[in-house]
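Q: Quick one: sequence and predicted model below, then my questions.
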2 protein chains.
Amino acid sequence: MSEAAPATRRRTRGGGGGAARRADRTTVRLEVAKYIERNIPNFEVLTEEALEIIENNAETILEEIGVHFPDNPGALKRWADAGADVDGERVRIPRGLARELIKTAPSEYTQHARNPDRNVRVGGNSMVLAPVYGPPFVRDVNGGRRYATMADFQKMVKLTYMSKWLHHSGGTVCEPTDIAVNKRHLDMLYAHMTLSDKPYMGSVTAPERAVDSVKMSEILFGGSLENKTVMTSLININSPLTFDEIMMGAMEVYAKNNQACIVSPFIVGGAMAPVSVAGTLAQVMAEGLAGVAYNQLCNPGAPVIFGAFVSSIDMNSGAPTFGTPEASKILYGAGQIARRLGLPFRSGGALCGSKLPDAQAAYETANTLNAALLGGVNFCLHAAGWLEGGLVTSFEKFVMDADQLGVLHSIAKGVDMSENGQALDAVREVGPGGHYLGCAHTQANFKDSFWKSQLLDYKPFETWSDEGGKDTMQLASERVERMMGEYTQPPLDPAIDEALQAYMEERKASEPDAFV
Amino acid sequence: MSEAAPATRRRTRGGGGGAARRADRTTVRLEVAKYIERNIPNFEVLTEEALEIIENNAETILEEIGVHFPDNPGALKRWADAGADVDGERVRIPRGLARELIKTAPSEYTQHARNPDRNVRVGGNSMVLAPVYGPPFVRDVNGGRRYATMADFQKMVKLTYMSKWLHHSGGTVCEPTDIAVNKRHLDMLYAHMTLSDKPYMGSVTAPERAVDSVKMSEILFGGSLENKTVMTSLININSPLTFDEIMMGAMEVYAKNNQACIVSPFIVGGAMAPVSVAGTLAQVMAEGLAGVAYNQLCNPGAPVIFGAFVSSIDMNSGAPTFGTPEASKILYGAGQIARRLGLPFRSGGALCGSKLPDAQAAYETANTLNAALLGGVNFCLHAAGWLEGGLVTSFEKFVMDADQLGVLHSIAKGVDMSENGQALDAVREVGPGGHYLGCAHTQANFKDSFWKSQLLDYKPFETWSDEGGKDTMQLASERVERMMGEYTQPPLDPAIDEALQAYMEERKASEPDAFV
């Protein structure tokens, strides 16, 4: 396939001549797709008039209500110097100021990976897919639901590395709860840096952990990052309208080091934003404008993504819900806002509320992934493995979602209108009542014509039944095991590996373990 | 909800005063949504230039290759009279002739139901949802996969009647294999006419069965149907480019009686059409043009829908596959073609290849339903209950799909940009760091703000786990039982019922049973 950048590698079990021959027979091609470049239009749910109303409301929110920057005198000073009205920790931003400040933000940027074939372009018509972020639990068919460990984390990094349609290794693919809270970021970074060669995210849970992320990245990439963006990290806004000092502190570190941030309202609609789509969009726009503007105040020109993570609330249980029509409409609208502001856009993912990787999970996920593609998402976090409202990383759901991401790649290509794509000679050859299976055009094209699932069942009923009548969860469980059996680590200069380990050891020795 | 036309009805278990009070307490409001009226744009994957190329290729196919009308001298005469080049059973249609002939077809029409509140509008910005059509098997959790019977058929009609988001009772919701092939159409029609008051489809398996459908409908509606369309029936084209005499015979009956037909290529891409999207679209357009033109030759002005049922093929097993990117692109493109021709458009559905209502089924279904909504489908057959590539009607999948159809209704509404929708006062009231759960705007709006599933699980993990950790299939099974327990038949004039039964008896007595 033309978009795949293949790398040949071998299983390395056993030794000697016989093993070498076996290894030769079992050589596995690791196919990795290039990030998506959309050749299709964006779906736009808002008219130009509606967009203008929402922008006007966002400016009113910033000017009249303002945003909150608690415990962050440096931020308040930056805002005051920029011309905002600072009243205690409340920052009121005069109409137009935020739009002016964000003008220095690039509309696209490249995030470098240690393997340059894995570099990703973020913005414009691109779409970059990264795995689930944040769950404290993992689940699989065999072990059920349990607290995540570093072993689970490593497994997710390996699965992501091996997955053709994921372009990015992500960040906290699950929380390694068996490692001290103040040290686990080091092990997480080390796993991304050594078990994969795809781009990754930095730590945001404390400013000093962002510094560690920068320093370890300098070791990995062999020098200053001043002119090289190698991390895209997730800065959540504490909606409504609050920018807490820990997230802002991490963002300040990344911005000053020319590393990318996703500035993202985190909204359960009805709790952290109004129960209406247009009201939520105005708040999302106000928060995004303030966050991106602050990012640019820290370092004009730093790469930054306009994010929108929005779910609905179930008014009975208070639980967040996913794959809902309101979430889709907000995603489409937020994409229009990001493009209006000339910023890369983050939203979507394999979002669902289900406790199991069952039909509910898949409906909710597919609703969200389809909206993400058509809504013009440039950076899609949580694109595989998300379960139970983000509380759980599911290995089986990861491979299910990762398979579906292939569908997005193929839709994004649009329609081939070349002479070969038009296939008029095939219709001439076959004629009324014939069939196309053996015709020349089919023979020449069938291998690349149709997207092909690596997971789903297409067997005749009898075969499927004789083989045990497996559901998708069972097929996925088998695929996880198969992939883990085939994993081999991408090569890394041993000197860099040693330097990374030395840095981690020194940092770990410098303070006692903390578990909260 | 403003789009719902509610009907109050009562459970009628037991008798006497106590039972009456209990009945009062358990009165169930049967909510039925109006057909969807889209307030959102269509997603268009083809440029104007691409559309022109495809139309040009379609005209070339019609003119140069032509279409096949076997065993149908009447059709060949009509074509010759209209100016086509008839060579044996091959009809070559000069460039532009089909486009000219279809000009008499209405761009929209109303299909009447015996309950006028259930009338549907087909075309323009409408979307009408009907259940699965055609499977010889049924499946449920308790009984597994088995041949369908009339009891299963009746159960599907009842479930569809009770489902808020389905506007149409459909046709062959499953094949009642326990009734003679030459008589089952009578029982199927009688079930739709008496167990539901939603609009329905007529029989197409023989021209005389189409006549029975018209005559029974005349009884039900109390007179001639000349000025009243009360059926929309499915006429499949035998792709590539073949219009068999049975389907055409049924269509001739319907067209002459002013009843609507869906003229629909039935394509497994790669077998009945080229392995490319643009090639398939040219063939779909040629077939649709020829079929609709022939419909108008039978009766200019008869209501007719441009259909496109297209799946892909799995090149390993030869099985049709669903929810694929190619199918979505063809759906989007076919919608553009239908609108270019000014015809109502049929495509999509809850299509999947999975053997079980599991995650595979849901991913594939959601991919197709989302494409159907955004691609501008006006009549969506198979919108609920389809399983295993159309071989199986699944009761559990029916209620899962029927629930998801609510998502489509809500997305189609677009964004409320009223002052209440903008909710600026809510943002003012809550301010930075607050929450919206108790604010005035939320209190006034929360009941109608968010689409709410009637099926999916939103409970906290512990509650869900304590209640047995049910997956979607189990929840759906319980919902099927609950709905069947609540079903009561809509009233019908006993004289009409008797007349329908008398007609059926006479027809059944007129010929021996046939089982093939």
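A: Nice, thanks for sending it over. Residues are numbered from 1 along each chain as shown, chains lettered A, B, ... in the order given.

Q: which intervals of the stretch 201-350 of chain A have sub-threshold pLDDT?
A: The stretch 201-350 of chain A contains no residues with pLDDT under 70.

Q: How about it: which residue is closest to chain B?
A: A:Gly279 (2.8 Å; C-beta to the nearest C-beta). C-beta here means a position set from N, CA and C on the backbone, and glycine is covered the same way.

Q: To which secondary structure element is that residue assigned?
A: Applying DSSP states H and E as the criterion places A:Gly279 in helix A:277-298.

Q: Counting neighbours, what do you get for A:Gln336?
A: 23 (other C-beta atoms under 10 Å in any protein chain shown).

Q: I'd assumed it was in a helix, is it?
A: Yes. Under DSSP: H, G, I helix; E, B strand; the rest coil, A:Gln336 sits within a helix.

Q: thought it was touching A:Leu46?
A: Yes. Judged on C-beta atoms under 8 Å, A:Gln336 makes contact with A:Leu46 at a distance of 5.3 Å.

Q: Would you mind measuring from A:Phe461 to chain B?
A: Distance, A:Phe461 to chain B, by C-beta to the nearest C-beta, to the nearest Å: 6 Å.

Q: got it, and A:Tyr147?
A: 13 Å.

Q: Identify the spatial nearest neighbour of that residue, chain neighbours not counted.
A: Nearest residue to A:Tyr147, sequence neighbours excluded (C-beta to C-beta, 6 or more residues apart in numbering or on different chains): A:Thr177, at 4.6 Å.

Q: ok now do the one you found, which residues does it touch?
A: A:136, A:147-149 (C-beta atoms under 8 Å, 6 or more residues apart in numbering or on different chains).

Q: now the stretch 1-150 of chain A, which segments are flagged as low pLDDT?
A: Looking at the stretch 1-150 of chain A by pLDDT under 70, you get A:1-29.

Q: can you give me the helices in it?
A: Listed in chain order, the helices of the stretch 1-150 of chain A (DSSP state H, counting those that start in this stretch) span A:16-25, A:48-60, A:73-82, A:97-101, A:150-162.

Q: Can you lay out those as CSV showing distance to B:Leu391 and mean neighbour count?
A: Below are those laid out as CSV (distance: least, C-beta to C-beta, whole Å; neighbours: other C-beta atoms under 10 Å in any protein chain shown):
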stretch, distance to B:Leu391, mean neighbour count
helix A:16-25, 38, 11
helix A:48-60, 45, 18
helix A:73-82, 62, 16
helix A:97-101, 57, 20
helix A:150-162, 34, 22
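
Q: and B:Gly342, which of the ones you listed is closest to it?
A: helix A:48-60 (27.0 Å; C-beta to C-beta).

Q: Do I have it right that A:Trp165 meets A:Asp401?
A: No. If you go by C-beta under 8 Å, A:Trp165 and A:Asp401 don't touch, sitting 9.3 Å apart.

Q: Please say which of these two ends up with more neighbours.
A: A:Asp401 (34 against 21).

Q: is it true that that one lies in a strand?
A: No. Counting by three-state DSSP, A:Asp401 falls outside a strand, being helix.

Q: tell me the strands in the stretch 301-450 of chain A, going along the chain?
A: A:304-307, A:309-313, A:320-321, A:345-346, A:379-380, A:386-387, A:392-394 (DSSP state E, counting those that start in this stretch).

Q: For the most centrally placed residue in chain A, which residues are in contact?
A: Closest residue to the average C-alpha location of chain A: A:Leu381 at 2.0 Å, with C-alpha atoms, centre = their mean. By C-beta under 8 Å, 6+ apart, the contact list for A:Leu381 reads A:130, A:132-133, A:170, A:234, A:262, A:346, A:349.

Q: now do 6 Å
A: By C-beta atoms under 6 Å, 6 or more residues apart in numbering or on different chains, A:Leu381 lies in contact with A:130, A:133, A:349.

Q: Same question for A:Asp187.
A: A:150, A:179.

Q: can you do 8 Å?
A: Contacts of A:Asp187 by C-beta under 8 Å, 6+ apart are A:150, A:153, A:176, A:179, A:504.

Q: Next: A:Val230.
A: With C-beta under 8 Å, 6+ apart, A:Val230 has these contacts: A:111-113, A:199, A:217, A:220-221, A:259.

Q: can we see that at 7 Å?
A: Residues in contact with A:Val230, defined by C-beta atoms under 7 Å, 6 or more residues apart in numbering or on different chains, are A:111-112, A:217, A:221.

Q: what's the answer for A:Gly335, then?
A: Per C-beta under 7 Å, 6+ apart, neighbours of A:Gly335: A:42, A:345, A:347, A:375-377.

Q: quick one: it and B:Ala282, what's the gap?
A: According to C-beta to C-beta, to the nearest Å, A:Gly335 and B:Ala282 sit 32 Å apart.

Q: Check A:Gly406 too.
A: 26 Å.

Q: who's more crowded, those two?
A: Between A:Gly406 and B:Ala282, B:Ala282 has the larger neighbour count (other C-beta under 10 Å), namely 28 against 20.

Q: And the furthest pair within the contacts of A:Asp187?
A: Going by C-beta to C-beta, the pair spanning those furthest: A:Phe153 and A:Met504, at 14.8 Å.

Q: isn't A:Glu59 right up against A:Ile93?
A: No. Counting by C-beta atoms under 7 Å, A:Glu59 stays clear of A:Ile93, with 8.4 Å between them.

Q: isn't there a helix covering A:Val173?
A: No. Looking at A:Val173 with three-state DSSP, it is coil, so not inside a helix.

Q: My guess is it contacts A:Met156. True?
A: Yes. The pair A:Val173 / A:Met156 is scored as a contact, 3.9 Å apart, by C-beta under 7 Å.

Q: what's the overlap in contacts for the two?
A: Jointly contacting A:Val173 and A:Met156 under the rule C-beta under 7 Å, 6+ apart are A:131, A:393.

Q: now do the same end-to-end measure for stretch A:124-134.
A: 27 Å (C-alpha to C-alpha, to the nearest Å).

Q: between the contacts of A:Leu381, which is closest to A:Gly468?
A: A:Gly349 (31.7 Å).

Q: show me what contacts the closest one?
A: Contacts of A:Gly349 (C-beta under 7 Å, 6+ apart): A:368, A:372, A:380-383, A:386.

Q: now the closest residue to it other than its chain neighbours: how far from chain B?
A: Leaving out its chain neighbours, the residue that sits closest to A:Gly349 by C-beta to C-beta, 6+ apart is A:His382, at 3.0 Å. According to C-beta to the nearest C-beta, A:His382 and chain B sit 16 Å apart.

Q: what about A:His382, how many neighbours?
A: With other C-beta under 10 Å as criterion, A:His382 counts 29.

Q: isn't it right up against A:Val132?
A: Yes. Counting by C-beta under 7 Å, A:Val132 is a contact partner of A:His382 at 4.9 Å.
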